[in-house]
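In: Pasted the sequence and its predicted model underneath.
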Amino acid sequence: MNWFKNFILKLLRIEPARDKKIVIKEPMSFRANVLKNKILYRGDPAEIEQFFKAIAQYDVEKTRFWASVSQGSVRKMHSGIVGIVIDRYKDIITADFEKIEFGEKSDKKPIKDLWDEIAKDNDFLDIIEEAIIGALSSGDGAFKINIDPESIYPRIEFFDADDVDFVRKSGKLKEIKYYTTYSSGSKEYRLEETYGCGYVKYKLFDEEGHEAKLSALKETEELKDAAYDMDFIMGCPYMVHKSSKYKGRGKALFDLKTDVIDALDEVISQWLDAVRLGRIKRYIPENLIPRNPENGELMPANPFDNDFIAIGDDMGEGKKSQIDISQPQIAYEAYLNSYISFMDMVLQGVISPASLGIDLKKTDNSESQREKEKVTMEVRSKIVDALTKTIPGFVECVMMVNDIMNEKKAGEYKASIKFGEYASPDFDSTVETVGKAKSYGVMSIETSVEQMYGDTWTDEEKKAEVERIKAEQGIAVVNDPAVNIEGVVIDESKSNEPPVPDEQGKV
């Protein structure tokens, strides 16, 4: 039997598979992808159609709804869901923004007061809103500190992803490049500002990419390279999600939802076309068609208020000229189910429909709606975490630049940012939860008061409330009575206790 197996093994020869070279071309560059996401956020159907028709190169792109070319007139509608969701997150986070602190313990807080003046001069809350919108709609962006001779405080700006580049070495940020476009007559110029550790450099480029002199534009003629004796960059990148496609860059909130958004818009547009084509049809003989009272010509049909179909006069015996009316059946249920399904796919992993006031299921109870809010809370938490990591360091840089502007040595600052809680329970729910924990004996009076009132009460008010509750419950704090031992000598070697009898000796 063994000789048979050896014979088979000799006949069977297996060659290992060879690796094949596969070349995949990216359909869009990083900046084109950023432009796509920003156009979807803007939500203008004309812009969306122009963009997708312009980039359609492969079959999968040409078959998209927005890239298709129709024979007749088809109304293409955009749901606007991208802009609605991003603006909703912007409102949620900025509403929870409370304050920026610098660790000052005393009642007087000169550093915080100075920062409040700088923040008011720059409309810092509006800049945070721009940063949230920019990071969620385009992928990332960068804050920038600018020294304006006309202002006594540093100027703060935010640049979107298509106007910034990041230079990294060994994973560490070395430079941030900001781009600004200027127009001069029929020509366009692009200003490149390079911000590095301890320096700022300026370059101007024309439409062909050739470097031009800064004096070519009135806006840039006074710009000069600058250096400062500090080891920090006068700017800071900000991103929420990291892109797996473009290394070192961010990912937009709806970056992977392009095809689903396209399908949702197609369902909405087809639904509207079905409604429009499903209007009542009137078949009117020519002798009954309304005529123009001035020249006697037949009135043209109007699809909105005077829609009819002209038919020839029937001259048969016994026939009468009459108007026939018909109306097709519209599958509203099928369109509605498709709309719900695609809307659910668009919002999956992005935001809860309940956060937008949308009830897709119509059968969810309040508990189910709260469970769905967890998606919104997780995404919000990620956005807030990114702000918490970025804003304090950037605020410290702003304060140091302010010291340099005032010809002072840059000080050391320690900033912190605070956000409130999203979707916090109402007071009745808090009372019930804290009351149960207190009755079970797992929460002290001090902790229960802190959980009940939090930051809405001062420390003195909470302390007075704790004392009042203890007094009502008969819990009194009694100090040990003091004993006057002045002049009394206590010999610790002697004891007043009687000696312990030796029981073993007795035995």
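Out: Nice, I can see it. Residues are numbered from 1 along each chain as shown.
In: Now for Glu129, how many residues are close by?
Out: 18 (other C-beta atoms under 10 Å). For glycine as for every other residue, the C-beta is placed from the backbone atoms N, C-alpha and C.
In: ok, now Ile156?
Out: So Ile156, with other C-beta under 10 Å, has 21 neighbours.
In: And for Thr220?
Out: Thr220 has 19 neighbours, counted by other C-beta under 10 Å.
In: wait, what's in contact with it?
Out: Tyr182, Tyr189, Leu191, Tyr202, Leu204, Leu214 (C-beta atoms under 8 Å, 6 or more residues apart in numbering).
In: In TSV: those, plus pLDDT and distance to Met399.
Out: Converted to TSV, those look like this (pLDDT from 0 to 100; distance: C-beta to C-beta, whole Å):
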residue	pLDDT	distance to Met399
Tyr182	92	31
Tyr189	93	33
Leu191	94	27
Tyr202	94	24
Leu204	94	31
Leu214	92	29
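In: correct me, but Arg168 touches Gly248?
Out: Yes - using C-beta atoms under 8 Å, Arg168 is in contact with Gly248, at 5.8 Å.
In: Inside helices: which ones of the contacts of Thr220?
Out: The helices, defined by DSSP state H, take in nothing from the contacts of Thr220.
In: of these, closest to Asn292?
Out: Closest approach between the contacts of Thr220 and Asn292, by C-beta to C-beta: Tyr182, at 56.0 Å.
In: what's the single longest helix in this structure?
Out: helix 366-405.
In: what separates that one from the chain centre, distance-wise?
Out: Computed by C-alpha atoms, centre = their mean, to the nearest Å, the separation of helix 366-405 from the middle of its chain amounts to 10 Å.
In: same check, this time on stretch 238-255
Out: That offset, for stretch 238-255, works out to 12 Å (C-alpha atoms, centre = their mean).
In: about what we covered before: give the buried residues for the longest helix of the chain.
Out: 372-373, 375-376, 379-380, 383-384, 386-387, 390-392, 394-402, 404 (16 or more other C-beta atoms under 10 Å).
In: what does stretch 169-188 give?
Out: Leu173, Glu175, Ile176, Lys177, Tyr178.
In: Am I right that the last one is in a strand?
Out: It stands for Tyr178. Yes - the assignment for Tyr178 is a strand, going by DSSP: H, G, I helix; E, B strand; the rest coil.
In: Tell me the bridge partners for it.
Out: For Tyr178, the beta-bridge partners are Val164, Glu193 (DSSP bridges).
In: so what's it up against?
Out: Ala142, Lys144, Phe159, Asp163, Val164, Glu192, Glu193, Tyr195, Gly235.
In: Let me know the closest of the residues you listed to Glu294.
Out: For those, the nearest to Glu294 is Asp163 (58.9 Å; C-beta to C-beta).
In: one step back: could you say what helices and strands the longest helix of the chain packs with?
Out: helix 81-96, strand 97-101, helix 110-122, helix 124-138, strand 140-146, strand 235-239, strand 416-419 (3 or more C-beta pairs under 8 Å, 6 or more residues apart in numbering; DSSP states H and E).
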